[in-house]
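Chemist: Okay, structure incoming, though there's no sequence with it:
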């Protein structure tokens, strides 16, 4: 190993001798020292001159408080003459002195070895500083790599913003803002990244496009899609479709048997559509033609009531519905003989195979129309309302304007004059809802009747105080909500939860109600803790006792 050229600077000859002795012990990792390559100066100015005479010096061990030129002033001078980067600097001083040093110049060093020291402690600290410096360098590289990745994200998001808002963005101008904003030494987490994106966008438009006002909702939407990919992830049906067709074109020939076609084309389509349906568990259905023409109108109504209505949260369900519609459109040509031959010319003289494809694809197209689309219409509609009831402004609007009606899509449309009275006929079937109330509390029954039955004519409340009657009637009606008093008991069941668990095992319809967030438990504050222990087994809403008109209406009707 070659000896290191080192300069020791201190106005104390004792300290320079102790430092030299420590270096010559050669107990410092990655270095070798000998007398001929050790230089000594007794003040900062002399040291600066020594560095000029001996450019081979790569290590400086310096005191801070020195005559003529302090250690801090020496570092500043080395920065000014642009040779600081060629040197490794270690300070030797006291803790009191280092506290008064400018952090800017201290950062240019590899660290501090505190006085007093001996050979062993000096070498141990030097070795520790090397470890810390390596860790610091690794951290810096990690941060730098992370920042470069995040800069790419911001460039992409700003490009998306430009496309959304039709405002032109100068890449050169954006880079200048990025350099300023990313002048940081620490990593940036997801929450901070959005703040940084917002800051970059704000500063960019203030500097280069002051006529454009930053659209916060557009920017937030772009970021949300990136930060929560699972919420915005597409179903992947179009990609699957293209992949299946491409594979079939390369595989199917005039000699293909019906079994080959079944395996290559039909079964893959059946698989992706059933896989998509399996994701729906037991969600309800709503006809496409009844609801979809009005979905955008409902959104606009909510946005007009509350400008901060979270459209970002609603878009994924609408996009997935569009994807389902598109796959239906793509299946249509495969249910027509002439189109099948255009796609697979090799089957021109294989009529049996063409008929097989036509019949199977027609069935899958109908499956998409009857089984998938109604589910996704319901998901889109429920998602719109799920976020609407989180808005105090929208809730106030509903309470003020839909007093005797169920808050739903068509009643909002009718109130806002988006549909006529005659249009409402197609929606009448959706207004009638059954609500099951299981309790032995007569006062509670009367309160429910007064609050709901007398105010919302489309609501039918079925009251049960006997298990035998409830058990025999539960499957007769399609119930949308099921409310059970936790205090309900009889000779078999000690409380409402026991009854509920028994009913759930015997009646599949109750599980559907639970999946659709239609199960409610009436309980006192003291009983809530016990209820929470059962949350993993049953998904329900809690209505706190004592009951009043407000919490019945808010919980059961508004769902808040």
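Modeler: Structure received. Here the structure is a predicted model, which is why all the values come from computation and not from measurement.
Chemist: who does residue 61 bridge with?
Modeler: With DSSP bridges as the criterion, the beta-bridge partners of residue 61 are residue 8, residue 90.
Chemist: That one and residue 379: what is the separation?
Modeler: Distance of residue 61 to residue 379, given as Cβ to Cβ, to the nearest Å: 70 Å. C-beta coordinates here come from the backbone N, C-alpha and C atoms, glycine included.
Chemist: what's the answer for residue 68, then?
Modeler: Using Cβ to Cβ, which is the criterion applied here, residue 68 is 78 Å from residue 379.
Chemist: Just to check, residue 93 is in contact with residue 65?
Modeler: Yes: when contacts are counted by Cβ atoms under 8 Å, residue 93 is listed as touching residue 65 (6.9 Å).
Chemist: what's the longest helix in the chain?
Modeler: Secondary structure of the chain read by DSSP state H shows that its longest helix is helix 119-165.
Chemist: still on that earlier bit, residue 61 and residue 379 - which one has more neighbours?
Modeler: A direct count of neighbours by other Cβ atoms under 10 Å for residue 61 and residue 379 places residue 61 higher, at 24 against 21.
Chemist: count of neighbours near residue 85?
Modeler: 8.
Chemist: Quick one: name whatever helix or strand follows the least confident helix or strand in the chain by mean pLDDT.
Modeler: For the chain, using mean pLDDT, DSSP states H and E, the weakest element among its helices and strands is helix 229-232, scoring a mean of 68. Tracing the chain C-terminally past helix 229-232 and defining elements by DSSP states H and E, one meets helix 237-251 next.
Chemist: Distance check, the residue positioned nearest the centre of the chain against residue 391.
Modeler: Nearest to the mean C-alpha position of the chain, by Cα atoms, centre = their mean, lies residue 228 at 2.4 Å. Using Cβ to Cβ, residue 228 is found at 20 Å from residue 391.
Chemist: got it, and residue 244?
Modeler: Remark: distance between residue 244 and residue 391 (Cβ to Cβ) = 42 Å.
Chemist: likewise residue 351?
Modeler: Distance, residue 351 to residue 391, by Cβ to Cβ: 59 Å.
Chemist: Those two: which has the busier surroundings?
Modeler: Taking residue 351 and residue 391 together and counting by other Cβ under 10 Å, residue 391 has the greater number of neighbours (17 against 11).
Chemist: which non-adjacent residue is nearest that one?
Modeler: For residue 391, ignoring the flanking residues on the chain, the nearest one in space by Cβ to Cβ, 6 or more residues apart in numbering is residue 306 at 4.5 Å.
Chemist: Tell me how many other residues crowd the one you found.
Modeler: The burial count assigned to residue 306 is 18, neighbours taken as other Cβ under 10 Å.
Chemist: contacting residues around it?
Modeler: 391, 393-394 (Cβ atoms under 8 Å, 6 or more residues apart in numbering).
Chemist: how close does it sit to residue 356?
Modeler: From residue 306 to residue 356 the distance is 53 Å (Cβ to Cβ).
Chemist: per the record, what domains does this structure have?
Modeler: The chain resolves into domains spanning 6-117, 139-227, 237-401, 432-558 when parsed by automatic domain parsing.
Chemist: Surely residue 493 and residue 499 touch.
Modeler: Yes: the criterion here is Cβ under 8 Å, and residue 493 meets it with residue 499 at 4.3 Å.
Chemist: Between these two, which contacts overlap?
Modeler: When contacts are counted by Cβ under 8 Å, 6+ apart, residue 493 and residue 499 are jointly contacted by residue 467.
Chemist: neighbour count winner among these two?
Modeler: Neighbour comparison, residue 493 and residue 499: the larger count goes to residue 499, with 22 against 16 (by other Cβ under 10 Å).
Chemist: on that earlier part again, distance-wise, check the residue nearest to residue 391 relative to residue 81.
Modeler: Where residue 81 is concerned, residue 306 sits at a distance of 62 Å (Cβ to Cβ).
Chemist: what distance separates stretch 93-109 from the centre of its chain?
Modeler: Between the centre of stretch 93-109 and the centre of its host chain there is 43 Å, according to Cα atoms, centre = their mean, to the nearest Å.
Chemist: buried stuff in it?
Modeler: 93, 97, 101, 105-106, 109 (16 or more other Cβ atoms under 10 Å).
Chemist: Same check on stretch 258-268?
Modeler: With burial defined by 16+ other Cβ under 10 Å, the residues of stretch 258-268 counted as buried are 261-262, 264-266, 268.
Chemist: does residue 522 belong to a helix or a strand, and which?
Modeler: Using DSSP H and E, the secondary-structure element containing residue 522 is strand 519-523.
Chemist: likewise residue 116?
Modeler: Residue 116 belongs to no helix or strand when assigned by DSSP H and E.
Chemist: quick one, what contacts it?
Modeler: Contacts of residue 116 (Cβ under 8 Å, 6+ apart): none.
Chemist: now swap in residue 452 and tell me
Modeler: The neighbourhood of residue 452, defined by Cβ under 8 Å, 6+ apart, consists of 435, 459, 461, 552-553, 556-557.
Chemist: can you list those residues in CSV and add secondary structure?
Modeler: Converted to CSV, these look like this (DSSP: H, G, I helix; E, B strand; the rest coil):
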residue, secondary structure
435, strand
459, strand
461, strand
552, helix
553, helix
556, helix
557, helix
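Chemist: State the pLDDT value of residue 411.
Modeler: Confidence per residue is given as pLDDT, and for residue 411 that number is 89.
Chemist: thought it was touching residue 401?
Modeler: No: with contact taken as Cβ under 8 Å, residue 411 and residue 401 are classed as non-touching, separated by 9.2 Å.
Chemist: who has more neighbours, the two?
Modeler: Neighbours per residue, other Cβ under 10 Å: of residue 411 and residue 401, the larger number sits with residue 411, 21 against 13.
Chemist: Would you check how far apart that one and residue 402 are?
Modeler: Where residue 402 is concerned, residue 411 sits at a distance of 6 Å (Cβ to Cβ).
Chemist: again, but for residue 199
Modeler: When Cβ to Cβ is applied, the distance between residue 199 and residue 402 equals 42 Å.
Chemist: cool, and residue 434?
Modeler: 20 Å.
Chemist: who's more crowded, those two?
Modeler: The residue with the greater number of neighbours, taking residue 434 and residue 402 and applying other Cβ under 10 Å, is residue 402; the counts read 18 against 15.
Chemist: Let's test this: what are the backbone torsions at that one?
Modeler: Recorded main-chain torsions at residue 402 are phi -120, psi 50, according to degrees, to the nearest 10.
Chemist: do the same with the one 4 residues further on
Modeler: For residue 406, the backbone dihedrals (degrees, to the nearest 10) come out as phi -70, psi 130.
Chemist: can you check residue 433 too?
Modeler: Backbone dihedrals for residue 433, given as degrees, to the nearest 10, come out at phi -130, psi 140.
Chemist: all strands for this structure, in order.
Modeler: If DSSP state E is used as the criterion, the strands of the chain fall at 6-9, 38-41, 59-62, 88-93, 112-114, 433-438, 459-464, 479-485, 519-523, 541-544.
Chemist: Next up, the contacts around residue 323.
Modeler: Applying Cβ under 8 Å, 6+ apart to residue 323 gives the contacts 234-235, 237-238.
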